[in-house]
Each structure stands twice: as structure tokens, then as C-alpha cells.
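**Q** next one to model:
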Amino acid sequence: MHVDKAQKRIAKQVKKGFKGYPAISLEYFGKTKELATEVAISFVMEEGDAPQEQRFSCETDVREDETIQSVLVKIIERADAKSVTEVAGVTLL
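**A** Sure thing, here's the model as predicted:
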């Protein structure tokens, strides 16, 4: 899947807002606000559950990495997530 297509699919899910559980949250991390070298994806099955988290990283911007963005889309689809949220911007490490 092309990176643009993956980004659009993720953005479409985020735009829907909170619709219940299961829920997925995405947060990007980096040393600068312009370069996200790591992404954390958290999964919560139902309210009150502890989140399960997985992280992916690379030397370049993870937001532009086709493989990582495709994996995020697949995780969202396979989890049958009703809600997808994304922390705005890049959290500094």
C-alpha cells in the first residue's frame, strides 16, 4: 500500500472521532517537532482495560515510511477498532 493511501485511511478513521471500543491511539515521537522517528500504537479492548502498546521506529520519518504506515492500517483493521485517535504533532523524546 502506498504511503499516501495509508495516511488517508488512518486520517479517515481519526476524523470519525470516538465511537466506542475497541479503541486505538497513535502517538508519534522524535527528537525534533519536524522528524518523528518512532510511533506508539496503543490498543484498548474495552473501557477500564490496560492498554496494549507496540512501538515502531526508523531512522527517517515514520509518518513517511510506507511499511510502518501500512502496518498501522493493518493493525487498525484487524483489531476492528471502532475508535482511532491520534495525538497531534510530535512528542519530543
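**Q** does the most centrally placed residue in the chain lie in a helix or a strand, and which?
**A** In the chain, the centroid-proximal residue (CA atoms, centre = their mean) is Leu26; its distance is 3.2 Å. Element membership of Leu26, judged by DSSP states H and E, is strand 23-30.
**Q** in its sheet, which strands sit next to that strand, and in what direction?
**A** For strand 23-30, sheet partners with direction are given as strand 38-44 (antiparallel), strand 83-92 (parallel), following DSSP bridges.
**Q** nearest to Arg9, of those?
**A** Shortest separation from Arg9 across these is recorded for strand 83-92, at 9.9 Å, computed as CB to CB. The way it works is simple: take the backbone N, C-alpha and C, and place the C-beta from them, glycine included.
**Q** show me what counts as buried in the closest one.
**A** By neighbour count, with 16 or more other CB atoms under 10 Å as the criterion, the buried positions of strand 83-92 are Ser83, Val84, Thr85, Glu86, Val90.
**Q** from those, which is closest to Gln13?
**A** The nearest one, if we look at the buried residues of strand 83-92 relative to Gln13 and count by CB to CB, is Val84, at 3.9 Å.
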